[in-house]
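[1] Next one to model:
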Amino acid sequence: MANPPTIGVVAGDWSTNIGNSFFDLGAVEVLARLYPEARVLHVPDSPSYAGVNKSKPSNSEWLIDRLELDAVVILGPLIRPEFTDALLPTLQRLAARKVRLGALGIGMMKYSHGDFGKAIDGLASLPFSFFATRDEDTAKATGGKISCRVYSGIDLGFYMNDVYPAPKVLESEPYIALNFDVTPEPAFLEADSSSAQFEFEGKGYRLKFPEWRTKKCHSSVLYSLFDRAFMPQNVVDRVMGYQVLRSDHRFNPIIRRKVFCRPHTVSADQPWGYLSLYRSCLATFSNRVHACVVTLAYGNQAMLFSGTPRAKLLEKVGLGDITSKPVSLAPDRLLEEKAGLEEYLRKTRFDF
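    Reported below is the predicted structural model:
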């Protein structure tokens, strides 16, 4: 009997942002559904500690283009200037070996032509069997340029409710998850209807961020690390009347004073505890897109505090107002989006 085909899903950068693991795991799930006859496996990305904006360091070996694979699928927000040095040469070598190529949940980093133009030119040189984005803007930017029909799909993190029925966190009362590992955590202040920014559980609230520090954190990763390690932090145990569990998605480099600067902080180098945290919470308040994605996938409320254009992947599932109030994802909408993506993938299957 012939060996089953092997599909490698390029996965990595977990330690620098555990949210990447959520869509990596989701991709394996959807491909395993569509290729039950195949082995669908994670294969290594170029290591994040090497620097995504740099070419391969001397003396290092990256194994992906040496692996015995029938197909390789790339994921995530790789449409960025660094793509042409970090991953494109590897994909070109794979294509030269007649390894089939696919792309799922593709997004951009900054959504300006100066940032994505060169990367799209590189992608256009590759023979893709399928190419699905995670937002409409990326689909429009790549449509007609990629070697196959581009589909406007969803982020693969929305499959986490299918991938991992996370064990629930046992608490004596409901809790909310706070994930502010990029900026200082805001104060949640009760407010009347005239000054409230949003409502939660029937009460009005407004947020107070330390403005100068928050702006500096957004402009500099080094300052963000300094702020978390040495500046005063919000250390309250309860927010909006609920107990709090906090998370940190960026634990590499491990600076204990930074990661654990606030009480009740969850941090790990694997995704499983994070998934239990977000599955079990009443709501997540975060400046991380994928903390919100997974919370929503498990059926809970989320609110995003970030102006990142990567939030367009939330607009794709009808949640464009997530930055102005806590929202939840309609189950029917999620099922519809998954069905559409899977139908596209059935029509553009790898020709094993």
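[2] can you give me the strands in the stretch 251-352 of the chain?
    Along the stretch 251-352 of the chain, counting by DSSP state E, counting those that start in this stretch, strands occupy 265-266, 283-286, 301-304.
[3] Output the contacting helices and strands for the shortest one.
    In other words, strand 265-266. Under the contact criterion of 3 or more CB pairs under 8 Å, 6 or more residues apart in numbering; DSSP states H and E, strand 265-266 touches strand 242-247, helix 272-280. No exception for glycine: its C-beta is placed from N, CA and C like everyone else's.
[4] hey, which of the strands of the stretch 251-352 of the chain is tucked in deepest?
    Among these, ranked by average contacts under mean count of other CB atoms under 10 Å, first place goes to strand 283-286 (a mean of 26).
[5] What pairs with it, parallel or antiparallel?
    When pairing is defined by DSSP bridges, strand 283-286 lines up against strand 175-179 (parallel), strand 301-304 (parallel).
[6] where does the protein dip in pLDDT?
    1-2, 46-57, 115 (pLDDT under 70).
[7] and if we set it to 80?
    The model of the chain has pLDDT under 80 over residues 1-2, 45-62, 112-116, 252-259, 261, 263.
[8] Helices along that one, start to end?
    Under the criterion DSSP state H, the chain contains helices at 19-34, 83-86, 88-96, 113-124, 136-142, 160-163, 211-219, 221-230, 256-259, 272-280, 289-297, 312-315, 331-347.
[9] Show me the strands in the stretch 51-200 of the chain, by range?
    So, for the stretch 51-200 of the chain - with DSSP E, counting those that start in this stretch - the strands run 71-75, 100-106, 128-133, 150-152, 175-179, 187-190, 198-200.
[10] For residue 286, find the nearest of the ones you listed.
    Closest to residue 286 of the strands of the stretch 51-200 of the chain is strand 175-179 (CB to CB; 3.6 Å).
[11] and the angle from that closest one to helix 289-297?
    Angle, strand 175-179 to helix 289-297, by axes from the mean of the first three to the mean of the last three CA atoms, to 10 degrees: 150 degrees.
[12] contact partners of strand 175-179?
    Under the contact criterion CB atoms under 8 Å, 6 or more residues apart in numbering, strand 175-179 has outside partners 169, 185, 239-240, 242-249, 277-278, 280-288, 291, 295.
[13] quick one on the thing from earlier: quick one, which of the helices of the chain is packed in tightest?
    Using mean count of other CB under 10 Å, helix 289-297 ranks as the most buried of the helices of the chain, with a mean of 28.
[14] In this structure residue 169 contacts residue 276, no?
    Yes. Contact criterion CB atoms under 8 Å: residue 169 and residue 276 qualify, at 5.4 Å.
[15] Export the helices of the chain as a markdown table, with columns for distance to residue 265.
    Conversion of the helices of the chain to a markdown table gives the following (distance: least, CB to CB, whole Å):
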| stretch | distance to residue 265 |
| --- | --- |
| helix 19-34 | 16 |
| helix 83-86 | 31 |
| helix 88-96 | 36 |
| helix 113-124 | 33 |
| helix 136-142 | 33 |
| helix 160-163 | 21 |
| helix 211-219 | 17 |
| helix 221-230 | 11 |
| helix 256-259 | 7 |
| helix 272-280 | 11 |
| helix 289-297 | 13 |
| helix 312-315 | 25 |
| helix 331-347 | 29 |
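[16] Specify the stretch among those helices that is closest to residue 8.
    helix 88-96 (9.1 Å).
[17] And residue 99, how far from residue 128?
    Distance of residue 99 to residue 128, computed by CB to CB, to the nearest Å: 12 Å.
[18] who's more crowded, the two?
    residue 128 (22 against 19; other CB atoms under 10 Å).
[19] residues contacting the more buried one?
    101, 102, 103, 146, 147, 148 are the contacts of residue 128 under CB under 8 Å, 6+ apart.
[20] Only the buried members of these: can you turn that into a ChimeraX selection?
    Of the contacts of residue 128, the buried ones can be selected in ChimeraX as follows, counting by 16 or more other CB atoms under 10 Å:
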select :101,102,103,146,148
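[21] between the contacts of residue 128, which is closest to residue 30?
    Nearest to residue 30 among the contacts of residue 128, with distances taken as CB to CB, is residue 102, at 11.0 Å.
[22] nearest spatial neighbour of that closest one, skipping sequence neighbours?
    residue 73 (4.3 Å; CB to CB, 6 or more residues apart in numbering).
[23] swap in residue 67?
    residue 43 (6.0 Å).
[24] contacting residues for that neighbour?
    Contacts of residue 43 by CB under 8 Å, 6+ apart are 8, 9, 10, 11, 64, 67, 69, 72.
[25] I figured the fifth one was touching residue 41, is that so?
    No. Using CB under 8 Å, residue 64 makes no contact with residue 41, being 11.6 Å away.
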